[in-house]
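1. Got a predicted structure plus its sequence, pasted below:
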Amino acid sequence: MPFPSFSSGDVLNASDMNAVGLWKIAEVSLTSVTNNISNVFSSTYDNYRIIISGLQNASATSRIVVLRFRTSSDDTSANYISAEAYQYPTNLSGSTASAGRTSSQLVVISNWSSGGAGIIFDVFNPNKATGTGFVGQAFNFQSDVATWVSRQIAGGINVSTQFTGFSIIGTTDNLTGTVRVYGYRD
C-alpha cells in the first residue's frame, strides 16, 4: 500500500489521513536525572514507538539508564522485568535478565563527545488494564569497555494499571537527549 503524499494547501481527505500509520504525539528534551514524559499514552492507540536520540549522561563513567511507567507518578512496584542481549565490536557478546525489580533497564551509557546513544523501542498496551511490555534496540558508547555496544532490549511490568506516561531515569548524572513518542494507528 503506498503512503499518502501531501502538499501545501491540499485538502486532506479522511481516507488519506486514515492511511497514515504512525502519529507523532510528543517530543521532549531530557534535562535531568529523572525525566517524566507524561500524558502520552491514551486509549487512542494500543501500541507506541519511542525514539531516544543523542542520549548522554554527564559523566564519563558508565551508568545504567532505566524505564518506569507512570500515571500521576512512577510505578515503583517490584513487578518489572527486563532482558538484553549485547554485542561488542570485539566479538564479545552476552546477555542479562532480571525480574522483581522497580524499573526495567534500557541501556548502560557514558558521555561521549562524538555522539550519544540511540534507542528505539515499541511499547505494547500501556493504557490497557493488562501487563505492559516493550521490545527494542540500542546503540551506545560504554566507557568501562571503551567501545560502542549494540543491544537488543525487552521488558515490561506485570500490573493492570492504565499508564499514561513513562520516565527515563539515569543513575546519578543528568541525562540529555531527545525523546519522541509516536502512536501506531490500529
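-> All right, it came through fine. What you are looking at is a predicted structure, and each value in this text was computed from that prediction instead of being measured.
2. Next, the distance between the ends of stretch 83-93.
-> Stretch 83-93 has an end-to-end distance of 14 Å (criterion: C-alpha to C-alpha, to the nearest Å).
3. ok, residues contacting it?
-> The contact list for stretch 83-93 (C-beta atoms under 8 Å, 6 or more residues apart in numbering) reads 94-98, 105, 145, 147-155. C-betas here are computed from N, CA, C, even on glycine.
4. In strands only, show me the residues you listed.
-> Within the contacts of stretch 83-93, residues falling in strands by DSSP state E are 94-98, 105, 147-155.
5. in stretch 98-118, what's buried?
-> Neighbour-count burial for stretch 98-118 flags 101, 103-112, 116-118 (criterion: 16 or more other C-beta atoms under 10 Å).
6. Report the contact partners of Gly54.
-> Taking C-beta under 8 Å, 6+ apart, we find Gly54 in contact with Gly115, Gly116, Ala117, Gly118, Thr176, Gly177, Thr178.
7. Where do the helices of this structure begin and end?
-> Using DSSP state H, the helices found in the chain span residues 14-18.
8. all strands in this structure, in order from the N-terminus.
-> With DSSP E as the criterion, the chain has strands at 22-30, 34-37, 47-57, 63-70, 80-87, 93-101, 104-109, 117-124, 132-142, 147-157, 165-169, 175-184.
9. any low-confidence regions in this structure?
-> The chain contains residues with pLDDT under 70 at 1-5, 16-20, 113-115.
10. Out of the strands of the chain, which is the most enclosed?
-> Counting by mean count of other C-beta atoms under 10 Å, strand 104-109 has the highest mean neighbour count of the strands of the chain, with a mean of 25.
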